[in-house]
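Student: Please find the sequence and the predicted model below.
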Amino acid sequence: MEDTTTQPVTVPIEPVPSPSPVVPNAVPKINVTGYAARSVTSLVHYQKQIPFLLIRIGLVFVYSYAAISMSIHPSGFVHYIPTMIEDIIKAEIALKLFAVYEILLSIWLLSGKKPVYSAALATVTIFGITATNTESFNIVFRNVSIFFSALALTYMEVQESRVGKKKNV
């Protein structure tokens, strides 16, 4: 018969390295390569883009709503047309052209193409609307907050484009 008792086996144990000193508030370095690195970089990029997207959506809503509303109910917007425009073109035609302009601006803002320019144009547009309607300021005063949202987006896009240029250098 064979001996079924087990014999003790000796396994060499290597010494455990001492832990490195703990540095308070230190960010651990993680070595990530390949697909994981691209995924983390992509996630960080998308998280940075959320404020840009939220402001763009807000501006797109304002411009699209105004364009659609002035197309459906032009009589509610005719009195906002500056007299210098009415001297050149009929009010109804000016409203239709401006509605098309606002829809195109909305599409451009959402597209993300040349974002500095689309944001700057949105800023200038809302400033122009507000500045030419100071006699109706009790109604258009809300445009001031829209102006500063567009201005903030322009500023953010300029800063983002500068960061992009530095990375490419």
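Tutor: Cool, the structure landed.
Student: Going by C-alpha atoms from here, please, whenever you check contacts or count neighbours.
Tutor: Noted.
Student: List the residues that contact the nearest residue to residue 134 once chain neighbours are set aside.
Tutor: Nearest non-adjacent residue to residue 134, counting by Cα to Cα, 6 or more residues apart in numbering: residue 140, 7.9 Å away. Contacts for residue 140 (Cα atoms under 8 Å, 6 or more residues apart in numbering) come out as 130, 133-134.
Student: Going by neighbour count, list what's buried in the helix or strand of the chain with the lowest mean pLDDT.
Tutor: Sorting the helices and strands of the chain by mean pLDDT, DSSP states H and E puts helix 34-72 at the bottom, at a mean of 85. Neighbour counts over helix 34-72 (16 or more other Cα atoms under 10 Å) mark 52-53, 55-56, 59-60, 62-64, 66-68, 70-71 as buried.
Student: Is residue 119 in a helix, a strand, or coil?
Tutor: Look at residue 119: counting by DSSP: H, G, I helix; E, B strand; the rest coil, its state is helix.
Student: hang on, isn't it packed against residue 148?
Tutor: No: at 11.1 Å, residue 119 and residue 148 do not qualify as touching, with contact defined as Cα atoms under 8 Å.
Student: and these two? which has more neighbours close in?
Tutor: residue 119 (28 against 14; other Cα atoms under 10 Å).
Student: on that earlier part again, show me what the least confident helix or strand of the chain is packed up against.
Tutor: When contacts are defined as 3 or more Cα pairs under 8 Å, 6 or more residues apart in numbering; DSSP states H and E, helix 34-72 packs onto helix 91-111, helix 143-168.
Student: how about residue 120, what does it touch?
Tutor: 150-151, 154.
Student: mind redoing it with 7 Å?
Tutor: residue 154 (Cα atoms under 7 Å, 6 or more residues apart in numbering).
Student: Pull out the buried residues from the contacts of residue 140.
Tutor: For the contacts of residue 140, a burial check counting by 16+ other Cα under 10 Å picks out 130, 133.
Student: among the contacts of residue 140, which are in helices?
Tutor: residue 130 (DSSP state H).
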